[in-house]
Structures are given as structure tokens and as C-alpha cells.
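Chemist: Quick check, what structure comes out for this input:
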Amino acid sequence: MFAYSHDGTSFRAVDPDHVAAADEVLFQTYATVEQLTAAFPGYAAARLPSVAQQAASCLQNGTIHLACSSDPALDGTYAATLAVQSQIAAIAAGIGVGLGLPQGATTIPWQDTAGTDHAFTQPQFLEFGAVVRDYAFALIRCTQGALTTLPSPALAIA
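Modeler: Residues are numbered from 1 along each chain as shown. Here you go, the predicted model:
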């Protein structure tokens, strides 16, 4: 027999003669989602990931949707994982200290999630880096509980 509590999110094995506490519901076997939903009105909401959990997932596996008003060829869906953010930050830092784009190029190819290269100029890449940085920072603040709403992954540059 199993005693479920905390909106159905916690359970423990109990003896057959166990008397359920006020916040417990007893089941003979493991409860199904349907049984837990019927027994605990808050079960569906309790199963949803928190904003902090969603933000952490976005930092690990997230994407952003970029729209460029001056160059629609840059529009696309790009990875925004921690690793990609680090790569963007490193290139932007190099530009910021006067090193320019990697290998002295006038544009930098950056792949979207479909594997298509998009050619960013130095100013476009700096702006791209800034909006990705701001998005990531908002996600970090969500993981810390300082923000309670996820930032939009729809980002725009000029």
C-alpha cells in the first residue's frame, strides 16, 4: 500500500493497517496519473516545472529566434546554450578589444539550428552578442528566483 501526499508529488510505502493523515490518500498499488489528478486537485499544477527549472533547461538546451530589421538574411533560430553563449562572448570580447572578427574576416559565418550559415558583420555580431547575453542573464536571474517570468526567446537586432 502507498500513501501519497503533497498534491500527489510524494509517496511512501505503508503497512496495510496504516491510517491516512489528513493530507494523504492511500492506494493499493502505485497510483496512475488519472488517480492522482482525481485525488489531488493541485496535482497537475504541481507536476509543471518551475520557472527556475524551465530557465535552467533553456540555458542547457535553449534556442533563440533572431529577427534582423536591416538584414533579413540573418533571421533564424540559433542555439543559445551555455557553450554557444561562451563562444559568442569570446568573439564579442575580441571585437571589443580591437581584434576584429576571427581570422581578419569582414563577416563571420554563424550557423542556425538547421545548420545554415548566416554572415554577420562586426556590428551585427556585437548586437547579436548583446541580445543573447541579455537573454541569458534574464534566464540566470530566473534560476536564482529573482525573476518569475521567462524572457522571450524572440530577439531583435537592427
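Chemist: Can you say which helix or strand has the most centrally placed residue in the chain in it?
Modeler: Central residue of the chain (CA atoms, centre = their mean): C58, 1.6 Å from the mean position. According to DSSP states H and E, C58 maps onto helix 51-61.
Chemist: For the lengthiest helix in the chain, name the packing helices and strands.
Modeler: If you go by DSSP state H, the chain has its longest helix at helix 122-143. Secondary-structure packing of helix 122-143 (3 or more CB pairs under 8 Å, 6 or more residues apart in numbering; DSSP states H and E): helix 51-61, strand 63-68, helix 82-96, strand 107-111, strand 154-157. For the C-beta atoms, the positions are set from N, CA and C on the backbone; glycine is no exception.
Chemist: Paired strands for the shortest one, with orientation please.
Modeler: Read that as strand 154-157. strand 63-68 (parallel) (DSSP bridges).
Chemist: For the partner strand, what is the distance to the chain centroid?
Modeler: A distance of 15 Å separates the centroid of the chain from that of strand 63-68, by CA atoms, centre = their mean, to the nearest Å.
Chemist: what does the domain assignment say about the chain?
Modeler: Domain segmentation of the chain under automatic domain parsing yields 2-47, 51-157.
Chemist: picking up where we left off before, any chance of the helices and strands packed on helix 122-143 in a markdown table with mean pLDDT and distance to D15 as columns?
Modeler: Formatted as a markdown table, the entries for the helices and strands packed on helix 122-143 read as follows, by pLDDT from 0 to 100; distance: least, CB to CB, whole Å:
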| stretch | mean pLDDT | distance to D15 |
| --- | --- | --- |
| helix 51-61 | 93 | 34 |
| strand 63-68 | 96 | 50 |
| helix 82-96 | 95 | 47 |
| strand 107-111 | 97 | 59 |
| strand 154-157 | 96 | 54 |
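Chemist: Distance to F137 for the ones you listed - can I get that in JSON lines?
Modeler: Formatted as JSON lines, those follow (distance: least, CB to CB, whole Å):
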{"stretch": "helix 51-61", "distance to F137": "11"}
{"stretch": "strand 63-68", "distance to F137": "13"}
{"stretch": "helix 82-96", "distance to F137": "10"}
{"stretch": "strand 107-111", "distance to F137": "20"}
{"stretch": "strand 154-157", "distance to F137": "13"}
